[in-house]
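Q: Sequence first, then the predicted structure:
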Amino acid sequence: MWLHHGIDFGRVEALGLGEPVASSGTPLHKAAVRELRRRGFDTTGPIRVAFLGQEIYFRAASCEGSSEAWDFRFMALQPSVTSLSDWDLLEQLNEFDPQVLVHFRPERQGHIARELGRRGFTIGVLTEPLAPSRWSPNRDLRARRQNYMAAKTLSTDWMVCAVPHFTDALQSILKVDVTSPLPVHDAIFRHGPLPVPDPWTGLFVGHVTPRRRNFLADLKHRYSWTVVDHGTQWFDPSPFSVGVNIHAGDYANHEHRVFCHMANGQVLLDEPTRYAFGLFPGTHRLIFTSPQSLLALVQAIQSDPSLARRVQIRARRGVENFRASRVWPRIVLNALARRGAYA
Amino acid sequence: MRERIIFVLPSNSRSGGSDTVLRYANDLASKCGFETYVTTISNHGRLSREFGDAFVYVPMEEALAAEFSVAIATHWSTVEPTRLLRARRWLLFAQSMEDRFFAAHEFMTQQEVLAAQSATHAITVAPWLSEELEALSGHRAITVRNPLPEEVFASRESSEPLPLIVVEGSWQWFKGWDEALQVLELIGTPVRVALVSSDGLLPSSRVRRLSSRLGAERVSRFDQLGHADFLSLLREADVLLKTSCIEGSPLPHVEALAAQCVVISTLATGVDMAVIHGCTGLIADFGDAQGTANLVDLVLHDRELWTELSVEGLRLARQAPKRAHSTEQFAEALAELTSQAEIDPKATQLAGDVLNDAWVRYAQLTFSTPRQQRVLAWVLRLARSTALMPISSTVRNTRVGRVVQRKLR
C-alpha cells in the first residue's frame, strides 16, 4: 500500500468498476475491443490502461484497480525524464504491457509521447491554461502558449482538454477531441459521515501566488487555516471540513482541487466560474468575489453552519459524476470506438 | 367517505411538470376512488384535460374556504399558499430541486426555495431526488416514477435517407440550447435536425443561423408540439440530443429509448436512470461541443453500434412503469406519508425567514454589482454638478436618467 500524506492510493476496493459503464459486453465496449484488435492487440482479458504523469499532480486524477473488464495502473513520469529507458518506467511498461496509455501534459515531453505512441493507443491530457493569443498581457499564459506552439507536431491518438476555458485557444494549435475535466481518484472520496462545517478546520492546497496570498491573509490570521503550498499534497484530510479554491492569477480557470474538496467531503468555497459541470453556485459550492466576501462567508459559516452543511451534502453526492472509475472507462471507450468507426 | 385531495399548481401554464400533476389528479379520482381538486395560484382558468377530466378545478378563494384530507404543493412557490389551506396533512410533490433554476446572484432566492422544498414529507419522481431531499430535510421522501404510455412503443417509421437528430426543451438557461446548437454545427455527418421548442421561445435568429449552416431544407422547427406528435417524431429520429445541465426525471430520454432512438445526453441529475453510457446511450461532458459532436458522428457512422444501443435502450424502457401502476404507487405513497408523524410548523423554516444576519451580510457583499454601483455613483456626481446641468437634462428622460432621478430624490 502506498501512502501519500493520508490518502491511501493503494486502497482500491471501492472503485465501482463493476458498474455497467465499465462492464465488458456492452455495445460500446465491444466496439472499443474491435478497434484494439484491429490495431493488433491481444484482447483477451481486461483492457489495460496506464496513466503517466507527474505523481504529485496527476495521481489524484487517475484511476487504479482492476476488474473483469479493466486494469488501471498509475506510473510516475517526472518532467525531467527524457526517454522511457531513463527510468524504471520501461520495466513497468514492459511488465504491465498496457494497450492504452494516458499521458498527462504530453506537450512537455513530445519525445516521450512519440515513444508511448509506438507502444499503444495514446490519450494526451492537456491541463495547462494558455493565452488565447500571443498578445495576451499575462506573461505566464503567454509562456504556456509558447510551450503548446512548440508541441504543434505532437500527435496522440486522442486528445483531451481538461480545462474548457481554453479549448478554443488550444484548438487553434492542437486538435482537441474532447473537453473533460480531470476526475477524482476513487481513494479520495470520503465515505461515512461528513464533518460539520467549521471555519477553524479550513484548508487551502496549492501554490501560493500573490493573488492567493491576498485572499488568504485574513483567514490565516483569524482562523488559523492550513495552507499546503505546491501540488495536490493531501495531509490526512479527515480533520478538514472547509476547502477553498482561489485562482492563481487574474484569469478564469477550472482547478482540479474543486472536485477533490467536494469528493473529500469539505464545503467548497470557490470563485465564480463559467463552467459549473452540473455543480452549481449556492447549491454545490459557495461563492466569494473578494477577500472581504470570503471572510464574510467564513464568518457566516461560523454563525450558522446549516446552509454550508446542505451545500456540503449535495456536493458530495453530485461529484460522484466525476469519480475516476466512472470517467476514465467512458473516455477510453469513446476514443477507441470513435477511431475504430473511421478507420 | 372519499378522501379529498387538492393539488396546488403555480398557474395554468402548460408544462411537462403540470401535465404530470394533472395526470395524477385525474387518475387518482378515476382509478383510486379519491375526490381530487386542482387549484392555481395565478393565471386562473382552463386547465388541460388531455389526461382526463375526473378532477375538479376550484379557484383559490373557494379552496381556502373548503376542507381537504391532503393538500399537495407542486412547486416551491406553492408551498406557503398550500399551508394556508384547511387540510389534515400537507405534502410536497417534487419533480426537481428547484433552487438550481436560479443563478448564483439570486442567492437569497435559492435558499428560500430550498427551505420551501425541505419543509415537509414529499413524493418525488426520481430516486436521486428522494435521497437528496431526505438527506437535506430529514423528512421522508418516496419515489413514484413517471409512467411511460404504451403508445410510445409503436414501430419506428423512417423513409428519409438522412439521419434525423431531435433536440427538445424549453428556452431556459439550464436546458442547454446554446450547447446543442453548437454541437449541431460541428457534426460532420450530413443530418436533418428537428428543433422542438416546448415553450415556443427558441429565438428565430438561432434557427436561421443553423439553417444557413446545414441547409434550410434540413432544419425543422416545432413549437409547443403535442405529446403524441413528439412521440411520432422520436419514432422517426436516430438520435435525441440533450445538453441540459439540470433535469428532474428523464422522461424525454426514456420516451426516446422506447422509440428505439439513441440518446446522447449530458449527465444531469436523473439521466443515469435512462442512459447508461455505452449500453443504452452515450453520455457527453457538460459544455463539450466537439466531444458531443464526435459521439453523434460515432453512432451515425457505426450503425452496428447504433442498433445495439437502441436494442438495449428499448429493453430498459420496457422496465418503466405503466400509468395504472404509477397511480397505485402514488396512492400508496400518500397513505404512507400521511401516516408519518406530523411536521412541527415551528421546526421548519418557511421561505422568507431563512438566513441569519451573517448570511444576509455575506449575500449583500458578494452578490451586489459593484460595477453598476460605480457607474451609478459617477452618474450621480455628474447630475449634481451645476456646470453640467444642460447635459443632465438630456439624460433625464433616458432609462439611466430616471434611475438617477430616483436616487436624487
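A: Sure thing, it's come through.
Q: correct me, but A:R285 touches A:R314?
A: No: with contact defined as Cβ atoms under 8 Å, A:R285 does not reach A:R314; the gap is 9.5 Å. Every residue, glycine included, has its C-beta placed from N, CA and C.
Q: Just want to know which of those two has more residues nearby.
A: A:R285 (27 against 23; other Cβ atoms under 10 Å in any protein chain shown).
Q: residue contacts, that one?
A: Residues counted as contacts of A:R285 (Cβ atoms under 8 Å, 6 or more residues apart in numbering or on different chains) are A:V258, A:M262, A:L268, A:L269, A:D270, A:L279, A:V311, A:A315.
Q: Out of those residues, list just those in strands.
A: A:L268, A:L269, A:D270 (DSSP state E).
Q: Is it possible to mark the buried ones in the residues you listed?
A: Applying 16 or more other Cβ atoms under 10 Å in any protein chain shown to the ones in strands among the contacts of A:R285, the neighbour count classes A:L268, A:L269, A:D270 as buried.
Q: Quick check: of these, which lies closest to B:P147?
A: Distance to B:P147, by Cβ to Cβ, is smallest for A:L268 among those, at 37.9 Å.
Q: Quick check: the closest one vs A:M262, distance?
A: Going from A:L268 to A:M262 by Cβ to Cβ, to the nearest Å gives 6 Å.
Q: And for A:V244?
A: 12 Å.
Q: And B:H105, by the same measure?
A: Separation of B:H105 from A:M262 (Cβ to Cβ): 22 Å.
Q: Could I get the pLDDT score of B:L28?
A: Here, the pLDDT recorded for B:L28 equals 96.
Q: Contacts only, for B:S15.
A: B:S170, B:S198, B:D199.
Q: Flag the shaky bits of the chain, pLDDT-wise.
A: Picking chain A for this. For chain A, applying pLDDT under 70 flags the ranges A:1-23, A:87, A:230-237.
Q: my bad, chain B
A: Where chain B drops to pLDDT under 70, the residues are B:43-45, B:344-353, B:369-409.
Q: Which one of the residues in it is closest to chain A?
A: For chain B and chain A, the shortest gap (Cβ to the nearest Cβ) falls at B:G278, measuring 2.9 Å.
Q: burial measure for that residue, as a count.
A: The number of residues near B:G278, taken as other Cβ under 10 Å, comes to 28.
Q: That one and A:R326 touch, don't they?
A: No: under the criterion of Cβ under 8 Å, B:G278 makes no contact with A:R326, lying 11.6 Å away.
Q: Once you drop chain neighbours, what's closest to the residue of chain A found nearest chain B?
A: Relative to chain B, the nearest point of chain A is A:L28 (2.9 Å; Cβ to the nearest Cβ). Of all residues not flanking A:L28 in the chain, B:G278 sits nearest, at 2.9 Å (Cβ to Cβ, 6 or more residues apart in numbering or on different chains).
Q: so B:D297 makes contact with B:P190?
A: No: with contacts counted by Cβ under 8 Å, B:D297 stays clear of B:P190, the gap being 10.7 Å.
Q: The two: which is more packed in?
A: Neighbours of B:D297 and B:P190, each counted by other Cβ under 10 Å, are more numerous for B:D297; the result is 18 against 12.
Q: From B:L234, how far out is that one?
A: From B:D297 to B:L234 the distance is 21 Å (Cβ to Cβ).
Q: Get me the contact residues on the stretch 201-350 of chain B for chain A.
A: Selection of the stretch 201-350 of chain B residues close to chain A by Cβ under 8 Å from any Cβ of the partner chain yields B:245-246, B:266-269, B:276-279, B:282-283, B:285-288, B:290-291, B:294-295, B:297-298, B:301-302, B:304-305, B:308-309, B:312.
Q: OK, contacts around B:R46?
A: B:N12, B:Y57.
Q: give me that answer again for 7 Å
A: Taking Cβ atoms under 7 Å, 6 or more residues apart in numbering or on different chains, we find B:R46 in contact with B:N12.
Q: Tell me the secondary structure of it, please.
A: When classified by DSSP: H, G, I helix; E, B strand; the rest coil, B:R46 comes out as coil.
Q: Chain B contacts on the stretch 101-250 of chain A?
A: A:P164, A:V176, A:D177, A:V178, A:T179, A:S180 (Cβ under 7 Å from any Cβ of the partner chain).
Q: And the furthest pair within these?
A: Using Cβ to Cβ, the pair of those lying farthest apart is A:P164 and A:D177, separated by 13.6 Å.
Q: Compare these two and say which is more crowded by neighbours.
A: A:D177 (22 against 19).
Q: Tell me if I'm right that that one and B:A293 touch.
A: No: using Cβ atoms under 7 Å, A:D177 is not in contact with B:A293, being 10.2 Å away.
Q: Note down every partner strand of the longest strand anywhere in chain B and its orientation.
A: The single longest strand within chain B, with elements called by DSSP E, is strand B:86-94. Here strand B:86-94 is paired, per DSSP bridges, with strand B:67-73 (parallel), strand B:122-124 (parallel).
Q: before we move on, back to that, export the contacts of B:S15 to CSV and tack on distance to chain A?
A: Listed next are the contacts of B:S15 as CSV, based on distance: Cβ to the nearest Cβ, whole Å:
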residue, distance to chain A
B:S170, 18
B:S198, 21
B:D199, 22
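Q: Return the member of the residues you listed nearest to B:T366.
A: B:S170 (29.3 Å).
Q: The nearest residue to the closest one once chain neighbours are set aside: neighbouring residues, count only.
A: Nearest non-adjacent residue to B:S170, counting by Cβ to Cβ, 6+ apart: B:D199, 4.2 Å away. For B:D199, the neighbour count with other Cβ under 10 Å is 15.
Q: my guess is B:D199 meets B:G169, correct?
A: No: look at B:D199 against B:G169 with Cβ under 7 Å: they stay out of range, at 8.7 Å.
Q: quick one on the thing from earlier: which of the contacts of B:S15 lies closest to A:W225?
A: B:S170 (43.2 Å).
Q: Just the helices from chain A, written as ranges.
A: A:27-38, A:55-58, A:89-96, A:110-117, A:139-150, A:167-171, A:210-223, A:257-263, A:291-303, A:306-318, A:324-341 (DSSP state H).
Q: need the ones you listed in a markdown table with distance to B:A87, can you?
A: What follows is the helices of chain A, written out as a markdown table (distance: least, Cβ to Cβ, whole Å):
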| stretch | distance to B:A87 |
| --- | --- |
| helix A:27-38 | 50 |
| helix A:55-58 | 57 |
| helix A:89-96 | 65 |
| helix A:110-117 | 67 |
| helix A:139-150 | 60 |
| helix A:167-171 | 53 |
| helix A:210-223 | 47 |
| helix A:257-263 | 39 |
| helix A:291-303 | 36 |
| helix A:306-318 | 28 |
| helix A:324-341 | 43 |
